[in-house]
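Asks: sequence and predicted structure are below.
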Amino acid sequence: MTDILLVDDDHIMRTLLENILRDLYEIHSVGSGEEALDFLRESVPDLVLLDIKMPGMDGFETFTQLRQIETCKEVPVIFLTGDEDKSMEVSALRTGGSDFIRKPFLPEVVKLRVSNIIELHRLRDHLAEEVEIKTAEVHESEKKIRSMSLEIVQTLSGTIDAKDEYTNGHSRRVAKYSMEIAKRFGYSEEEQQNIYLIGLLHDIGKIGVPDEIIRMPRKLTDEEFAIIKNHPVIGASILSNITSMPNISAGAHWHHERYDGRGYPDGLKGEEIPEVARIIAVADAYDAMTSNRSYRSYLPQEKVRSEIENGKGSQFDPTFADIMLHMIDEDTEYSMQEEN
Ligand SMILES: [Fe+2]
């Protein structure tokens, strides 16, 4: 049953209101603000009917203290005002009361005002609950979509790596290193996730390069190398179909550009190269040196370090090369290489 706390020092008034409302509600009536607060510390009614003029603690003071009780922050309060002072009505509403009832009153008016306010609060609570449930549902499905996209991208990047047993896991490692560089550079959580996906897909264009060229156990001829060099453009064209992530193709398209403008496919220079591609370029070169090839094992860390150092400002964006150098220096066990 719906509970109402009735607070009035006048017991005739209390009896009157009890008689009007008791068929519809469970009425708890008390004669002072202090008693009301004692009651409210123990239980939370659906509505409080609160007389303003009371000896000792008046209705406003009671209201202020009531709102400080953690469980009563949202309980609707209807003030009972006397006929003699109209300004009380304004104060009642300004204070945060849901409504006021002027004494003397018509029983029907009391019933209607009380039921309206209770109904209004129910709807509001229900709405808030509904919004909460729906928001949770949306978050859940967003999460599902995100993990599904990641799985699809991981599968896709796995197919590229599978084309060449010597670069197995390359895309995943480049994605991981790129994300770490981005994180240290100050990318947000979301931007880091994004560059991880971009990194996973950076060599997707190799799907369009014949297997025998990718797997060639000897040094490539100029002609063969020219075919390999198509993979950024092929990759960009494949990824241009993913319109929901407009930046996704930037890594595939420009990860072989060089900071000094001598890279391919477009010979972009410095900051003309999209930032994500400049990051991936460093991670890509690092992984190439720290993984095994058909013709050699991964390089000693010192050698890798000096290659990155030497490439600063020529092959690599110096900012991202510096971050990579920090990562190398912190990696005293040399655990950032293929075999780990
Ligand atoms: Fe590549």
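Replies: Arrived safely, thanks for sending.
Asks: what's the spacing between the residue nearest the centre of the chain and Q154?
Replies: Central residue of the chain (C-alpha atoms, centre = their mean): E190, 8.0 Å from the mean position. According to C-beta to C-beta, to the nearest Å, E190 stands 18 Å off from Q154. (C-beta placed from N, C-alpha, C; glycine too.)
Asks: got it, and R67?
Replies: Where Q154 is concerned, R67 sits at a distance of 52 Å (C-beta to C-beta).
Asks: nearest spatial neighbour of L268, skipping sequence neighbours?
Replies: Take L268 and drop its neighbours on the chain: the residue closest to it by C-beta to C-beta, 6 or more residues apart in numbering is E257, 4.7 Å away.
Asks: kindly report the same for T319.
Replies: That would be F185: by C-beta to C-beta, 6+ apart, it lies 7.3 Å from T319.
Asks: that neighbour: what's it in contact with?
Replies: I279, T319, F320, I323 (C-beta atoms under 8 Å, 6 or more residues apart in numbering).
Asks: which helix or which strand is home to the third one?
Replies: Right, F320. In this structure, F320 sits in helix 318-330 according to DSSP states H and E.
Asks: now do the helices in the stretch 101-250 of the chain.
Replies: Using DSSP state H, counting those that start in this stretch, the helices found in the stretch 101-250 of the chain span residues 107-163, 170-185, 189-200, 211-214, 222-228, 231-239, 248-254.
Asks: any weak-confidence spans in the chain?
Replies: Applying pLDDT under 70 to the chain picks out residues 83, 165-166, 340.
Asks: quick one, domains of it?
Replies: 3-132, 164-330 (automatic domain parsing).
Asks: using JSON lines, lay out those together with distance to E142.
Replies: Below are those laid out as JSON lines (distance: least, C-beta to C-beta, whole Å):
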{"stretch": "domain 3-132", "distance to E142": "16"}
{"stretch": "domain 164-330", "distance to E142": "12"}
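Asks: out of those, which one sits most buried?
Replies: Compared across those, domain 164-330 shows the largest average neighbour count, a mean of 18 (mean count of other C-beta atoms under 10 Å).
Asks: endpoints of that domain, how far apart?
Replies: One end of domain 164-330 sits 30 Å from the other (C-alpha to C-alpha, to the nearest Å).
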